[in-house]
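S.K.: what follows is a predicted structure for the sequence shown.
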Amino acid sequence: MTKLTLFLVLLIFWPFLAVSEFPAGASELSRGDPERGREIYDKYCMECHGETGRGDGPRAALLAPRPGNLVSAATSTKSDAELLGIITNGAPRTAMRGWKDELTEEDRLNVLAFIRSLVRFQKPSLTPPPPE
Ligand code: HEC
């Protein structure tokens, strides 16, 4: 193989080599589709968690404990695995049940991607944080 052919072969396969540099499964969430997730959320989750995820859906007031705010820091700082676990198996002693029978793993990832997207596109609050 001449140097030129070697160069050309490398050139052609470079994108594939580059892609394989990412560790496999680094972000499971990147497999989720937030648009598909929105449909699932509207159908199954919104009645409790509310349109924008703030826990103010029509059923929320009747529940104890109330559904939490999914765009809060408390939820946002939880890992994908942790939230997927709750979506899959439910949260004990709350109205949040597991969805593994209704939703495929892919759809659970999609709905999680949608929840994450709610956080990313929040408008910044107009009131400044209280002084320390
Ligand atoms: C019957 C009302 C209800 C429905 C329907 C519901 N949830 Fe929940 N959810 C709750 C309650 C109550 C909690 C427990 C309080 C909390 O942690 O927010 C909860 C907790 C969660 C949490 C954990 C939040 C955290 O920080 O630990 C996630 C994630 C979540 N729900 C996602 C969903 C998704 C996705 C759906 C739809 C597939 C859904 N919920 C449907 C009531 C509901």
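M.R.: That came through fine.

S.K.: span of stretch 62-78 from start to end?
M.R.: 26 Å (Cα to Cα, to the nearest Å).

S.K.: what residues does this protein have near the ligand?
M.R.: Within the chain, the positions adjacent to the ligand are 44-45, 47-49, 59, 63, 65, 67-68, 74-75, 78, 83, 86-87, 91, 94-96, 99, 111 by Cβ under 6 Å from any ligand atom. Any C-beta I mention is one placed from the backbone N, CA and C, and that applies to glycine too.

S.K.: by mean pLDDT, flag the weakest helix or strand of this protein.
M.R.: The helix or strand of the chain with the poorest confidence is helix 3-19; it has a mean of 72 (mean pLDDT, DSSP states H and E).

S.K.: ok and the residue in this structure nearest the ligand?
M.R.: The nearest approach of the chain to the ligand comes at Gly68, 2.4 Å away (Cβ to the nearest ligand atom).

S.K.: got a pLDDT number for Leu83?
M.R.: pLDDT recorded at Leu83 is 96.

S.K.: excluding chain neighbours, what is closest to it?
M.R.: What sits nearest to Leu83 in space, not counting adjacent residues and going by Cβ to Cβ, 6 or more residues apart in numbering, is Leu112, at 5.8 Å.

S.K.: many thanks, we can stop here.
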